[in-house]
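S.K.: Requesting a structural model of the entry that follows:
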Amino acid sequence: MGFGNRGIVADKWSGRLLWVCAIGSAVGFYMVAVERQTQNRAKMMAEALADAGSSIDASEKS
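M.R.: Numbering: from 1, shown residues only. I've put the predicted structure just below:
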């Protein structure tokens, strides 16, 4: 058992660690994108309801 094999094992594990970090980052970015999309959809629905309510109020006053 020489020192020559240690570099190969370290390279293999560092490569695996790099892939785990990359996949974890991708999952994190996906979750942030889904959350922002959900917030934008809720905001648009609230604005649409507010606009519909204000148009109903305006039509009742005339």
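S.K.: which residues of this protein fall in helices?
M.R.: Ranges of helices within the chain are 4-61, based on DSSP state H.
S.K.: Give me the residue at the spatial middle of it.
M.R.: In the chain, the C-alpha nearest the mean C-alpha coordinate belongs to V32, at 2.2 Å (CA atoms, centre = their mean).
S.K.: Next one: that residue relative to R41, how far apart?
M.R.: Using CB to CB, to the nearest Å, V32 is found at 15 Å from R41. The way it works is simple: take the backbone N, C-alpha and C, and place the C-beta from them, glycine included.
S.K.: now E35
M.R.: In this view, E35 and R41 are 11 Å apart by CB to CB.
S.K.: same check, this time on G24
M.R.: 26 Å.
S.K.: what about this protein, any weak spots by pLDDT?
M.R.: 1-9, 56-62 (pLDDT under 70).
S.K.: let's go with 50 and repeat that
M.R.: Residues of the chain that meet the criterion pLDDT under 50 lie in 1.
S.K.: If you count neighbours, what's buried in stretch 39-51?
M.R.: Neighbour counts using 16 or more other CB atoms under 10 Å place no residue of stretch 39-51 among the buried ones.
S.K.: Return the alpha-carbon coordinates of that stretch using PDB.
M.R.: The C-alpha coordinates for stretch 39-51 follow below in PDB (Å, rounded to 0.1, in the frame of the first residue of the first chain):
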ATOM      1  CA  GLN A  39     -45.700  34.400  -4.400                       C
ATOM      2  CA  ASN A  40     -46.100  36.200  -7.700                       C
ATOM      3  CA  ARG A  41     -49.200  34.100  -8.500                       C
ATOM      4  CA  ALA A  42     -50.700  35.000  -5.100                       C
ATOM      5  CA  LYS A  43     -49.900  38.700  -5.700                       C
ATOM      6  CA  MET A  44     -51.500  38.700  -9.100                       C
ATOM      7  CA  MET A  45     -54.600  37.100  -7.700                       C
ATOM      8  CA  ALA A  46     -54.800  39.600  -4.900                       C
ATOM      9  CA  GLU A  47     -54.400  42.500  -7.400                       C
ATOM     10  CA  ALA A  48     -57.000  41.000  -9.700                       C
ATOM     11  CA  LEU A  49     -59.500  40.600  -6.900                       C
ATOM     12  CA  ALA A  50     -58.800  44.200  -5.700                       C
ATOM     13  CA  ASP A  51     -59.300  45.500  -9.300                       C
END
